[in-house]
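Student: structure of the sequence below:
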Amino acid sequence: MNALTQELVELLTLEKLEEHIFRGQSRNLVGKRVFGGQVLGQALRAASYTADRPVHSLHAYFLYGGDINAPIIYEVDRLRDGKSFLSRQVRAIQHGRTIFSAMVSFATPEEGLNYQIAEPEYPDPESLKSEQELKENLISFIPENIRAAFMRPRQVEIRPINVTNPFQPQPEAPSYAHYLRTHEPLAAELVDDISLNQAIVAFYSDYTLMMTALRPHGLNYLSPSLQCASIDHAIYFHKPVKADDWMLYDMDATVSANSRGLNFGRMWQNGELVCSTVQEGLMRVREIETQ
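Tutor: The predicted structure is shown next:
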């Protein structure tokens, strides 16, 4: 596998310490704090190690920023083992305190009523430039002190549909979309690993979702006056997913108020609505001190 894909698989493969206790490693993926998608994916994986069926929903709260230089311990509580549904609670712990908490529910696949809204019409991913290619065109805008971090490739391939210059943000509609997949197909022994595929999707479900509510304000994660952080995150798996196949991630925001923004996402694969996400993010504007 591609080195970035292999790194992602390793990041989402946890070490079992004791019954229902697992350890995951941390990486510097987005800056000084652990990337929220890393904790989401690892927590889903930890819960899945105690279950015998796919996740259908995960509801999580980010309580403290994670330390990129320390591993994370995941403790799983088996709350309910029913015939149709299993319920697990997961706590992510660093330096003796809980930094993240999630409820994860598993369901046995079954036949039933079937309906979905129409998939939005966007250009085919093969006709779009990758995020990395688009970054190359922004070299002249990137300050020297953040150039290395900004140009570092992500663990998944992203092809944006709404292309903008993050160094010159302008007020825009509260909507955004891009395609995602792993850089290379998963190894043959991993391709049918349901929990790994779901964990990778949870990992990349956190990319840009919180930023959608900032677009009407002409702000983004690079704005010097902005303090932003994920508060909570929910993901619903409606149908099976393949993390190494193109996934269309269509996002919109409905409101920004009280220094928070509410964002919604829908993931489409091969014409099927396979996942839905909801996230509220902190978006606090601070005064910039002048000399």
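
Student: wait, a strand at residue 171?
Tutor: No - going by DSSP: H, G, I helix; E, B strand; the rest coil, the assignment for residue 171 is coil, not a strand.

Student: find the nearest non-adjacent residue to it, please.
Tutor: Nearest residue to residue 171, sequence neighbours excluded (CB to CB, 6 or more residues apart in numbering): residue 218, at 4.3 Å. C-betas here are computed from N, CA, C, even on glycine.

Student: can you count the residues close to the one you found?
Tutor: 12 (other CB atoms under 10 Å).

Student: can you show me the helices along the stretch 1-150 of the chain?
Tutor: Assigned by DSSP state H, counting those that start in this stretch, the helices in the stretch 1-150 of the chain fall at 3-11, 36-48, 131-136, 144-151.

Student: list the contacts of the shortest one.
Tutor: Under the contact criterion CB atoms under 8 Å, 6 or more residues apart in numbering, helix 131-136 has outside partners 150-151, 153-154, 157-160, 163, 178.

Student: what's the distance between it and the middle of its chain?
Tutor: Mean-position distance between helix 131-136 and its chain equals 20 Å (CA atoms, centre = their mean, to the nearest Å).

Student: buried residues in that helix?
Tutor: Residues of helix 131-136 classed as buried under the neighbour-count rule (16 or more other CB atoms under 10 Å) are 131, 134-135.

Student: with the last one instead?
Tutor: Using 16+ other CB under 10 Å as the burial criterion, the residues of helix 144-151 that qualify are residue 150.

Student: name the next helix or strand downstream of it, please.
Tutor: Remark: after helix 144-151, the chain's next helix or strand is strand 156-160, criterion DSSP states H and E.

Student: tilt between that next one and helix 3-11?
Tutor: Using axes from the mean of the first three to the mean of the last three CA atoms, to 10 degrees, the inter-axis angle of strand 156-160 relative to helix 3-11 is 120 degrees.

Student: returning to what we had before: report the buried members of the contacts of helix 131-136.
Tutor: 150, 154, 157-160, 178.
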